[in-house]
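**Student:** A structural model of the following input is requested.
(one chain, ligands or ions: 3)
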Amino acid sequence: MRTVKLELGPDSYDILIGRDLLAQAERISALLPQPRAAIVTNTTVATLYLQPLVDALTARGVDVLPIVLPDGEQYKTWETLNLIFDALLGARAERKTTLIALGGGVVGDMTGFAAAVYQRGVPFIQIPTTLLAQVDSSVGGKTAINHPLGKNMIGSFYQPQLVLADLATLDTLPPREFSAGMAEIIKYGLIDDLAFFEWLEANIDALMARDVAALTYAVERSCQNKARIVGEDEKEQGVRALLNLGHTFGHAIETGMGYGVWLHGEGVAAGMVLAAHASRLLGQISDADLQRITGLIRAAGLPVQAPDFGYERYAELMAQDKKVDAGKIKFILMQKLGQSYIGTLTPDIVRGALQAGCSADAVASSLA
Ligand SMILES: NC(=O)c1ccc[n+]([C@@H]2O[C@H](COP(=O)([O-])OP(=O)(O)OC[C@H]3O[C@@H](n4cnc5c(N)ncnc54)[C@H](O)[C@@H]3O)[C@@H](O)[C@H]2O)c1
Ligand SMILES: O=C(O)C(=O)C[C@@H](O)[C@H](O)[C@H](O)COP(=O)(O)O
Ligand SMILES: [Zn+2]
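**Tutor:** Ligands and ions are numbered 1, 2, ... in the order given. Alright, predicted model coming up:
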């Protein structure tokens, strides 16, 4: 088992990475302030991993309340959040009752938000079961629900007390979801870790074949990168915004297509390609760099062309981004391959990037 530490003073926590960790419930039970926990999951993950976790905790004397939500990005809403509160109140869950998120980023983001506000804050543990959640969403304490007008618009920063990433759960993850997680992994290479980007280029086939050693390394290195950045800037006053590489365009794609049509990782992938096109137009990366970026993203089974809903619609959607400051949209751009920065773009460069990186086919194929 590998351990990555997220250093946040009194709010520091461990990220445990390895196979078959679900059965090792003592790492969870040791943290519970009372022998009571609610496991929040969804209908898909419940059939696969809820019972083993309930059994492992029950065997350690923990009273478990399962809360099973509908599955899908379209359910990352107030209504679904309320189902968590209904269940917690119905079972008289207390301030010391721990909420455990068992699932992907949707379950993790909603459970974290519920933990932040239920009785003004209860303990919270993340058990991510998608690649995306293991390398990104379970780490760092961003929690949220969507609004019809924008992604993750209502939420809070609220750190878990433990992240337990059981790589064995990825054995059942569908290929499209696995690829979605690869987008956030590639993101770390492009933010500021060229050596990791080059390692990914060399090992993409092993990763896509889910080779255990390659996967363990990629998850650990991703968590190290994220933990370092969040440790420097927990509440996104500066450097943490780099973790939004590909997301200004990507969130616009997710919202514009309708939540759940394009997966989050797919939006991020096409969004990173658009950011690369913009950086190329600014003369900061070369054609060869652009080819390397699109080549790796394509090899990970991800889209390299964004849906074409036109400059005006993209501009309208991106105006809702959380990085907007005094009306100015911020983008994460590439200074060179493997080094990103937070900047702004003129409308001409945004238009140029969209012209180069959008395709009507990308809309049609994803709706097919
Ligand atoms: N908080 C953050 O820092 C952060 C970071 C990145 C993404 N996010 C959010 O995370 C969400 C995307 O997360 P995601 O990609 O995990 O999607 P998801 O949570 O929708 O999970 C993807 C699908 O895989 C299923 N699934 C989960 N685990 C499985 C398993 N082991 N085997 C088989 N199926 C399984 C789920 O039921 C779902 O159908 C988005 O809402 C995004 O905004 C948040
Ligand atoms: O942890 C962060 O910070 C990130 O930006 C990670 C992103 O991958 C993630 O999708 C996050 O939820 C986006 O944040 P948002 O503030 O733009 O909603
Ligand atoms: Zn993301």
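**Student:** ok, and the closest non-adjacent residue to residue 66?
**Tutor:** Nearest residue to residue 66, sequence neighbours excluded (CB to CB, 6 or more residues apart in numbering): residue 39, at 5.2 Å. Every residue, glycine included, has its C-beta placed from N, CA and C.
**Student:** hang on, I meant residue 63
**Tutor:** Counting by CB to CB, 6+ apart, the residue nearest residue 63 is residue 36, at 4.8 Å.
**Student:** give me the pLDDT value at that neighbour.
**Tutor:** Residue 36 is assigned a pLDDT of 98 by the prediction.
**Student:** when you give positions from now on, start the count at 137
**Tutor:** All set: I'll call the first residue 137, so the last point we hit is now residue 172.
**Student:** test my guess that it contacts residue 231.
**Tutor:** No: using CB atoms under 8 Å, residue 172 is not in contact with residue 231, being 10.8 Å away.
**Student:** for these two, indicate the residue with more neighbours.
**Tutor:** Comparing residue 172 with residue 231 by other CB atoms under 10 Å, the one with more neighbours is residue 172, at 18 against 12.
**Student:** which residues sit in contact with that one?
**Tutor:** 198, 199, 200, 201, 229, 230, 232, 233, 234 (CB atoms under 8 Å, 6 or more residues apart in numbering).
**Student:** now those residues in JSON lines, with distance to residue 192?
**Tutor:** Below are the contacts of residue 172 laid out as JSON lines (distance: CB to CB, whole Å):
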{"residue": "198", "distance to residue 192": "9"}
{"residue": "199", "distance to residue 192": "14"}
{"residue": "200", "distance to residue 192": "10"}
{"residue": "201", "distance to residue 192": "15"}
{"residue": "229", "distance to residue 192": "20"}
{"residue": "230", "distance to residue 192": "22"}
{"residue": "232", "distance to residue 192": "20"}
{"residue": "233", "distance to residue 192": "18"}
{"residue": "234", "distance to residue 192": "14"}
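**Student:** is the residue nearest to residue 202 bridged to anything, and to what?
**Tutor:** residue 202, residue 236 (DSSP bridges).
**Student:** what's around it, how many residues?
**Tutor:** Residues lying near residue 175 (other CB under 10 Å) number 27.
**Student:** thought it was touching residue 205?
**Tutor:** No: the pair residue 175 / residue 205 is not scored as a contact, 11.1 Å apart, by CB under 8 Å.
**Student:** near ligand 2, which residues of the stretch 337-486 of the chain? Just list them.
**Tutor:** Those residues of the stretch 337-486 of the chain that sit near ligand 2, judged by CB under 6 Å from any ligand atom, are 372, 376, 379, 380, 383, 458.
**Student:** packing partners for the helix or strand harbouring residue 299?
**Tutor:** In the assignment (DSSP states H and E), residue 299 maps to strand 298-302. Counting contacts by 3 or more CB pairs under 8 Å, 6 or more residues apart in numbering; DSSP states H and E, strand 298-302 packs against strand 149-154, helix 162-165, strand 260-264, helix 348-368.
**Student:** just the angle between the first one and strand 260-264, please?
**Tutor:** Orientation check (axes from the mean of the first three to the mean of the last three CA atoms, to 10 degrees): strand 149-154 against strand 260-264 gives 30 degrees.
**Student:** now do strand 149-154: which elements does it pack against?
**Tutor:** Judged by 3+ CB pairs under 8 Å, 6+ apart, strand 149-154 is in contact with strand 138-142, strand 298-302, helix 348-368.
**Student:** name the next helix or strand following the second one along the chain.
**Tutor:** In the C-terminal direction, the helix or strand that comes right after strand 298-302 (DSSP H and E) is helix 311-328.
**Student:** do the last one as well
**Tutor:** Going down the chain from helix 348-368, the next helix or strand is helix 383-393, by DSSP H and E.
**Student:** helices or strands up against that next one?
**Tutor:** Looks like helix 383-393 contacts strand 286-293, helix 400-417, strand 442-443, helix 446-454, strand 467-472 (3+ CB pairs under 8 Å, 6+ apart).
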